[in-house]
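Asker: I'd like to go over a predicted model; first the sequence, then the structure.
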Amino acid sequence: MRIVFMGTPDFAEASLKKLIENRFEVVGVFTQPDRPRGRGMAVSFSPVKELALASGIPVFQPEKMRDGTALSILRELRPDILVVVAYGKLLPDEILALPKFGAINVHASLLPKYRGAAPIQWAVLNGDKTTGVSIMVMAHEMDSGDVIDTVETEIGEKETAGELFDRLKELGAELLVRTLPAIERGTAARTPQDHSQATYVKMLDKSLCPIDFDRPARLVLKQIFGLQPWPVATTELGGVTLRVFDADLTDSHTEAAPGTILRADGEGIEIACAAGETIRLTSLQAPGKKRMSAADYLRGHPIKTEQNP
């Protein structure tokens, strides 16, 4: 089966790598055009492009998918199927209809939940207990096609979005190589999504960083872990905006208003949340400094608390 792979970041690279390792016939790779990346904004290749070039697979980087260029390339490649993983471009209907087996997408949620961008981060941010990966048939509407197969996994209570990302990219790659033979045999099941249950999520941005202590302590905890590795949760303590990397739930109860600093000692910084719950911040980063324990930060930066105003 002739495969054209479309993807860009390291989540997609894991699936391409698994296809190559399992000797699937990948006849071409589409990836986003080279962009400036990193602090120096130097132009660099995407992870998918680097792997494809190292594996001797032709790489194509069209700026647009609707001007006929991509369609012309695909007609020459004659794919039996398109495998799309975090490509970052919408495919027009004429491209979806070109291959014999159509196009499939590896999506990091249990559809129809979390259609759109950043499904991994939002699963953590929303405090979900489980998430997974879906392989679906691509349709005109984004992430709306029939689901072929899924894999589900629990989310650790203190698992960061980055850690979950690393697990799901491997689970998705493994699911992909199990699914393709069934598609080729014609035995792959197709389950229509219940569109009435669909939810949509947006890309992350820095407006999500300030911690909202007016929420239950567990959701504050999930905000901290869901925003790692980027853009990272923040809070202002003693007039300084700190990045927060770790925290613990406590068994304490308080009548203090959410956001009140209750304790600041060797165990961390305990802050009131909604419904009388509290959370203890344990790992921080001050501007221009390295990440450190809250206890170490307090040694040089004492903070006023409810007990010690």
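Answerer: The structure has been received and is ready for your questions.

Asker: for the chain, what helix or strand is lowest in average pLDDT?
Answerer: Lowest by mean pLDDT, DSSP states H and E among the helices and strands of the chain is strand 35-37, with a mean of 75.

Asker: three-state assignment of the residue nearest to the spatial centre of the chain?
Answerer: The residue lying closest to the centre of the chain (C-alpha atoms, centre = their mean) is I120, at 3.8 Å. Using DSSP: H, G, I helix; E, B strand; the rest coil, the structure places I120 in helix.

Asker: I figured it hits L168, correct?
Answerer: Yes. With contact defined as C-beta atoms under 8 Å, I120 counts as touching L168 (6.0 Å). (C-beta placed from N, C-alpha, C; glycine too.)

Asker: quickly list what's touching both of the two.
Answerer: 108, 131 (C-beta atoms under 8 Å, 6 or more residues apart in numbering).

Asker: which helices and strands sit right next to the longest helix belonging to the chain?
Answerer: Longest helix in the chain by number of residues (criterion: DSSP state H): helix 161-185. Contacts defined by 3 or more C-beta pairs under 8 Å, 6 or more residues apart in numbering; DSSP states H and E place helix 161-185 against helix 10-21, strand 81-85, strand 103-107, helix 119-125, strand 130-137, strand 147-154.

Asker: mind doing that once more with 10 Å?
Answerer: helix 10-21, strand 81-85, strand 103-107, helix 119-125, strand 130-137, strand 147-154, helix 217-226 (3 or more C-beta pairs under 10 Å, 6 or more residues apart in numbering; DSSP states H and E).

Asker: and the fifth one, which residues are buried?
Answerer: In other words, strand 130-137. By 16 or more other C-beta atoms under 10 Å, the buried positions in strand 130-137 come out as 131-137.

Asker: and for the last one?
Answerer: Taking 16+ other C-beta under 10 Å as the neighbour-count basis, helix 217-226 is seen to contain the buried residues 217, 219-226.

Asker: and it, what other elements does it pack with?
Answerer: Packing contacts for helix 217-226, counted by 3+ C-beta pairs under 10 Å, 6+ apart, involve helix 119-125, helix 161-185, strand 233-237, strand 240-249, strand 268-272, strand 278-285.

Asker: now those as CSV including distance to T31 and mean pLDDT?
Answerer: Formatted as CSV, these follow (distance: least, C-beta to C-beta, whole Å; pLDDT from 0 to 100):
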stretch, distance to T31, mean pLDDT
helix 119-125, 20, 98
helix 161-185, 16, 98
strand 233-237, 31, 97
strand 240-249, 31, 98
strand 268-272, 43, 98
strand 278-285, 33, 98
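
Asker: relative to Q32, which of those is closest?
Answerer: Taking C-beta to C-beta, helix 161-185 is the member of those nearest to Q32, at 17.2 Å.

Asker: got the angle for that closest one vs helix 217-226?
Answerer: Angle, helix 161-185 to helix 217-226, by axes from the mean of the first three to the mean of the last three C-alpha atoms, to 10 degrees: 70 degrees.

Asker: after helix 161-185, next one along is what?
Answerer: Where DSSP states H and E defines the elements, the next helix or strand beyond helix 161-185 is strand 200-201.

Asker: for that following strand, name the packing helices and strands.
Answerer: Contacts defined by 3+ C-beta pairs under 10 Å, 6+ apart place strand 200-201 against strand 115-116, helix 119-125.

Asker: so what's the gap between that strand and the chain middle?
Answerer: Offset of strand 200-201 from its chain centre (C-alpha atoms, centre = their mean, to the nearest Å): 12 Å.
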